[in-house]
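>>> Quick one, structure for this:
(one chain, ligands or ions: 2)
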Amino acid sequence: MHACGHDAHTAMLLAAAYGLSRERERLAGTVRFVFQPAEEGAAPSPVDGELRSGGRDLVESGAADGIDAAFALHVWPGLETGGLAIHRREAMAASSHFRFTFRGRSGHHGAPHLAADALLMAAHFAVEANSAVAVASDPLEPVSFAFGKLQAGTAGNVIADTAEVLGTYRAFSDATVKRIRFVLERCASACADRFGGTVEPSFRMGKALINDAAAVELAAGAGADVFGADQVHVLDQPSLAGEDFAYYLDKAPGAMLLIGVRDEARGIVHPLHHPSFDLDERAIALGAKLHARAAVAFFGAGLGIKEHIGFYVVKPTQERPCVGFFCYIDRYCPPHRNVCVSAV
Ligand SMILES: [Zn+2]
Ligand SMILES: [Zn+2]
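Ligands and ions are numbered 1, 2, ... in the order given. All right, here's what the predicted structure looks like:
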């Protein structure tokens, strides 16, 4: 179970699409709704064979072409329902996923000198990589590095011929992201070499999510209309979580919004990815209204969306700017099949 709230994201965006579509004649622009797969997928991409990123794949296949602004939201269990958080600028780190596959030579435990132990290569790498990353990191810049999976061998009395190590690291600057990749590859290669094996690295490189100041202001205003001004929190400190919405912001300015789904009274308190994660479903209507209100605000529209999505007044313009909204779904399909382009 992914436990990230993507079913709620889908419901919010569908509801916003429904509400905005009913008022399409009065909207001064085009809204594109994108239902994105594989926010955090790590299997090989059907597009290029690299570790998968739904955001990167969709942007490369044109899902964000021609848009003037892009907004996305994600449920946030650290915040009570009825609250909204927006990072002022740096929002989330470039979260880079890696997989190192060590290859040795299997053999009998009675004759280890004739084998090459892949498990030993991976174990040394798991220990030494921490030091390698530590000394390659600027102490003034936040960096996070950790392994999540180590798998090797088939039996206790057979020397392992293959071992896999998976993990992630997170940082903000492109230079640090590249430097850490370099030291990890060098460290893995040294560990494989030391025990007579080889290693194949595979990376899914992340991108830091940086919100745009004007988009933050617009989203905070829309948030104040839906949630109340005292419930909108603009954050100065970024999160070291990762978010591939960053790829859309390469194409257009925008912002990522974090919507509260916590309900202490009902025990809905577990973080994302926790096996007991749940969300307060009252937040679904709020998220839908927020999407719709932001679209209206972007087109320079009027008031009145609080009670019912679609009650607003829009000044028609000759030019029809385009704003994109994004949410995530868990099932992966080839690019475009998940892209619902809807002129509303
Ligand atoms: Zn997730
Ligand atoms: Zn997610």
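>>> number of nearby residues for the closest residue to ligand 2 within the chain?
At 3.4 Å from ligand 2, residue 4 is the closest residue in the chain, using CB to the ion. (Each C-beta comes from the backbone N, C-alpha and C, glycine too.) If you count neighbours by other CB atoms under 10 Å, residue 4 ends up with 18.
>>> you'd agree it is up against residue 10?
No. Counting by CB atoms under 8 Å, residue 4 stays clear of residue 10, with 11.5 Å between them.
>>> Which residues of the stretch 201-344 of the chain lie near ligand 1?
Counting by CB under 5 Å from the ion, none of the residues of the stretch 201-344 of the chain come close to ligand 1.
>>> The stretch 201-344 of the chain: strands as residue ranges?
Applying DSSP state E, counting those that start in this stretch to the stretch 201-344 of the chain gives strands spanning 209-210, 232-235, 239-242, 254-262, 322-329, 339-340.
>>> Compare the ones you listed and say which comes out lowest on pLDDT.
Of all these, strand 339-340 carries the lowest average pLDDT, namely a mean of 34.
>>> from what I can see residue 270 touches residue 277, true?
Yes. Assessed by CB under 8 Å, residue 270 is found in contact with residue 277 at 4.7 Å.
>>> Identify the contacts common to those two.
residue 77 (CB atoms under 8 Å, 6 or more residues apart in numbering).
>>> These two: which is more packed in?
A count of neighbours by other CB under 10 Å puts residue 277 above the other of residue 270 and residue 277, at 19 against 15.
>>> Name the nearest residue to that one, sequence neighbours excluded.
Ranked by CB to CB, 6 or more residues apart in numbering and with sequence neighbours excluded, the top spatial neighbour of residue 277 is residue 3, at 3.9 Å.
>>> quick one, what contacts that neighbour?
272-275, 277.
>>> Which residue ranges of this protein form helices?
6-22, 54-60, 118-136, 174-194, 213-227, 282-298 (DSSP state H).
>>> Tell me the buried residues in the second one?
Spelled out, it's helix 54-60. Judged by neighbour count (16 or more other CB atoms under 10 Å), helix 54-60 contains these buried residues: 54-59.
>>> Would you mind listing where the protein has pLDDT under the threshold?
1, 40-52, 301-344 (pLDDT under 70).
>>> If we use 80, what do you get?
The model of the chain has pLDDT under 80 over residues 1-2, 24-29, 37-54, 299-344.
>>> count of neighbours near the nearest residue to residue 179 once chain neighbours are set aside?
Using CB to CB, 6+ apart and skipping residues adjacent in sequence, the residue nearest residue 179 is residue 136, 5.3 Å away. Counted by other CB under 10 Å, the residues lying close to residue 136 total 18.
>>> And for residue 144?
The local packing of residue 144 (other CB under 10 Å) involves 15 other residues.
>>> With the one 10 residues further on instead?
Residue crowding around residue 154 was assessed by other CB under 10 Å; the count is 9.
>>> Who are the contact partners of it?
Residue 154 neighbours (CB under 8 Å, 6+ apart): residue 160.
>>> measure it to residue 147 for me?
Remark: distance between residue 154 and residue 147 (CB to CB, to the nearest Å) = 21 Å.
>>> just residue 56 next, same as before
Going from residue 56 to residue 147 by CB to CB gives 23 Å.
>>> Just give the number of residues close to residue 253.
Counted with other CB under 10 Å, the neighbours of residue 253 add up to 17.
>>> Go ahead and confirm it touches residue 218.
No. With contact defined as CB under 8 Å, residue 253 does not reach residue 218; the gap is 9.8 Å.
>>> Please identify every residue contacting each of these two.
With CB under 8 Å, 6+ apart as the test, residue 253 and residue 218 both reach residue 69.
>>> Chain neighbours aside, what residue packs nearest to residue 202?
Spatial nearest neighbour of residue 202, excluding adjacent residues (CB to CB, 6+ apart): residue 99 at 4.5 Å.
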